[in-house]
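Trainee: Got a sequence here, can you model it:
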Amino acid sequence: MAELDFTPHPILKPPTAAEQLWLLENNHEGLLELWQEHERLIALSKSDPLRHGFNLTSWTRIREMLAEYNEVLVLGGNRAGKTAGMGKLCMEAVTQQTDGHIVMFSQNADTSIKVQQAAMWEFMPKEFKKKTKSIEGYINFSMQNGFTGQSFIFPDTRTRVDFKTYTQYSNNHTILEGFEFGFPDLGDHPQNIGIVNDEYLGDASLINTQRFRLATRNSKLITGFTPIDGFTALIADYLKGAETLETKTAALLSGEQVPVKQYSVERDAGICYIHTDENPFGGYERLSKDIAKRSREEILVRAYGVPVKSVTTLFPLFNKNVHVISELPEISKATHTVYQVIDPADARNFFCIWAAVDKAGDVTILREWPDRETHGEWALHGEPKWKHGPASGKLGYAIRTDVKDYSYVELFKEIEAELGVEVFERIGDSRFMAREHDNQDMFSDFAEMDMDVVPSDGRMESSGIQMLDQWFAYNPNIEVDSVNRPKIRIHESCGNIIDSVVNYTPDGKKFEALKDPIDCLRYLRTANGGEGPEHYDASVFNIKQQTGGY
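Mentor: Predicted coordinates for the structure are as follows:
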């Protein structure tokens with residue numbers, strides 16, 4: 001019997017050489033049948049991948065989450081098989097459910113044809129991989145131009161699939177009006193898919209429009225995203241406060257547990273992570289060698305699809321695992337010097353922070369006001385920009401008032417008593433607080449109430465932002481320790497500050513609502529002539545107090 005050549009396959013493994021030798025000597029017919037079945041399964045998986053292809057574990061997770069939630073965000077690493085998985089799920093729905101309508105969005109016409117439409121054609125049942133025209137269906141595909149008319153109707157089920165681009169929506173926001181996507185009478189079924197977005201980089205406007213189109217048929221929304229360059233405000237909205245439901249061991253991160261399933265509290269949606277090592281057809285061995293020595297953040301993104309920074313962030317090294325702390329340090333006059341920074345406004349509450357500087361010059365942001373837990377978000381992502389949230393709504397506080405419940409001075413003292421600190425210096429917005437009213441300014445208002453506030457440094461915002469970014473700097477490629485560490489850390493209670501650091505960029509008025517917490521950090525960073533706040537021993541603190549300041 002001639003030697004049998006088993007075709008190499010990443011999933012189907014042939015018998016070992018020793019096993020083949022034993023079968024050849026003891027059951028050569030059995031060896032032949034084994035070889036024939038091996039080759040048959042491979043041939044079937046190529047000719048008809050929808051029915052006979054190999055299902056990846058990660059795709060099963062997407063199915064499970066579609067059974068639980070109306071929206072599923074799919075985050076994938078490089079070559080993880082995200083687009084192919086979404087394509088197979090859609091083709092299963094197309095071929096098994098009747099009278100449906102699915103729309104699939106891609107970045108532009110080129111990626112729609114070469115990536116998204118090609119994936120759908122890959123899973124088209126083999127008997128329909130030809131020009132098909134009937135009263136109830138139409139399929140015509142070419143590798144050069146994709147589906148004719150950028151759509152097809154599957155004859156057996158009368159289900160229609162349209163391919164759109166985000167550019168089309170940007171040019172005409174009415175392209176979805178009048179349509180109902182999904183399958184009639186299918187209800188909360190995992191195959192009731194209405195809309196699929198692949199690599200969506202935009203804001204929430206398209207997604208919000210899509211939700212209205214899905215409501216009538218109670219159908220599902222799938223959005224895929226690869227966070228190579230960071231995450232957008234929309235993705236951040238899904239991830240905010242997400243609850244991890246299931247994790248998996250990350251081989252490239254020394255066994256660290258990384259998420260595979262999360263629940264988005266903000267969107268009542270599922271978040272599914274697609275790992276590169278779960279796709280045996282994606283060249284994982286080579287990719288793992290390429291990124292194994294990269295930083296933890298890059299490995300998280302490229303191998304496990306875990307976003308680590310905002311696309312537009314001004315502080316790219318900011319990492320919640322590094323910069324956000326859950327416990328405050330023990331603070332005394334001997335160990336820390338405490339500062340307060342005030343960013344006032346006419347139409348909203350003042351935004352304030354309290355910070356402690358230790359002998360090494362390291363800064364800890366202790367508290368924010370208005371804090372998120374008590375007053376809610378300072379900024380909310382809206383359409384088409386960030387807008388001020390409930391925490392910014394004026395609560396009626398004033399400076400020169402004897403009514404303690406509405407006195408900023410009494411509020412500040414109360415917060416400092418809770419923290420158990422005495423403030424060495426208070427810093428206020430030099431421009432806004434210098435504006436005159438009733439023949440004096442806000443600095444004078446505070447002074448009248450026996451609370452001294454000094455003007456912030458007046459340098460350009462861009463300069464202050466660059467200086468602030470230096471505080472966040474550390475080497476992400478090596479372990480954080482007593483030497484390799486950032487100069488600033490933020491307590492986890494300061495949720496509005498953390499949100500602003502993650503999302504802020506000075507893009508006209510679009511990010512204006514996030515600016516106030518950043519301004520406070522910037523004024524703190526540029527204090528002391530740009531050197532930053534200093535630590536002073538108790539004797540200096542006492543001298544300053546005796547001269548009338550805090």
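
Trainee: Residues touching stretch 232-243, excluding its own?
Mentor: Counting contacts by Cβ atoms under 8 Å, 6 or more residues apart in numbering, the residues outside stretch 232-243 that touch it are 73, 75, 200-204, 207, 225, 227, 231, 262-267, 269, 271, 307, 310-312, 381, 386, 499, 502-503. No exception for glycine: its C-beta is placed from N, CA and C like everyone else's.

Trainee: Those residues in strands, which ones?
Mentor: 73, 75, 225, 262-264, 269, 271, 381, 386 (DSSP state E).

Trainee: Point out where the chain drops to low pLDDT.
Mentor: Along the chain, the parts satisfying pLDDT under 70 run over 1-3, 310-313, 382-384, 477, 506-508, 539-550.

Trainee: what's the offset of stretch 167-183 from the middle of its chain?
Mentor: Distance, stretch centre to chain centre, for stretch 167-183: 25 Å (Cα atoms, centre = their mean, to the nearest Å).

Trainee: Determine how far the last residue of that stretch lies from the first.
Mentor: 26 Å (Cα to Cα, to the nearest Å).

Trainee: Flag every buried residue along it.
Mentor: Residues of stretch 167-183 classed as buried by neighbour count (16 or more other Cβ atoms under 10 Å): 168-169, 176, 181-183.

Trainee: quick revisit: going by distance to Ser288, which of the ones in strands among the contacts of stretch 232-243 wins?
Mentor: Leu75 (18.7 Å; Cβ to Cβ).

Trainee: my guess is the closest one meets Ala303, correct?
Mentor: No. Contact criterion Cβ atoms under 8 Å: Leu75 and Ala303 do not qualify, at 12.0 Å.

Trainee: Quickly list the domain ranges of the chain.
Mentor: 70-304, 320-546 (automatic domain parsing).

Trainee: So which of the ones you listed is nearest Ala18?
Mentor: Closest to Ala18 of the domains of the chain is domain 70-304 (Cβ to Cβ; 23.8 Å).

Trainee: Span of that closest one from start to end?
Mentor: End-to-end for domain 70-304, by Cα to Cα: 24 Å.

Trainee: can you check stretch 494-513 too?
Mentor: Start-to-end, stretch 494-513 (Cα to Cα) is 16 Å.

Trainee: And that stretch, what's buried?
Mentor: Here stretch 494-513 shows 494-505, 511-513 as buried, counting by 16+ other Cβ under 10 Å.

Trainee: Which residues are in contact with the closest residue to His9 other than its chain neighbours?
Mentor: Sequence neighbours aside, Ile42 is the residue nearest to His9 in space, at 5.7 Å (criterion: Cβ to Cβ, 6 or more residues apart in numbering). In this structure, Ile42 makes contact with 7, 9, 12, judged by Cβ under 8 Å, 6+ apart.

Trainee: Apply 10 Å and report the result again.
Mentor: Neighbouring residues of Ile42 by Cβ atoms under 10 Å, 6 or more residues apart in numbering: 6-9, 11-12, 52, 54.

Trainee: same deal with Gln107?
Mentor: With Cβ under 10 Å, 6+ apart, Gln107 has these contacts: 115-116, 165-167, 197-202.

Trainee: any idea how far it lies from Gly393?
Mentor: 38 Å (Cβ to Cβ, to the nearest Å).

Trainee: follow-up on the earlier one: can you add distance to Met91 and neighbour count and give the ones in strands among the contacts of stretch 232-243 back as CSV?
Mentor: Shown next, in CSV, are these (distance: Cβ to Cβ, whole Å; neighbours: other Cβ atoms under 10 Å):
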residue, distance to Met91, neighbour count
Leu73, 21, 27
Leu75, 22, 27
Phe225, 21, 22
Gln262, 26, 22
Tyr263, 27, 17
Ser264, 26, 20
Ala269, 23, 22
Ile271, 23, 26
His381, 34, 24
Trp386, 38, 24
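
Trainee: Out of those residues, which is nearest to Leu214?
Mentor: Ala269 (12.4 Å).

Trainee: ok, that closest one touching Leu73?
Mentor: Yes. Ala269 is within contact range of Leu73, at 6.1 Å (criterion: Cβ atoms under 10 Å).
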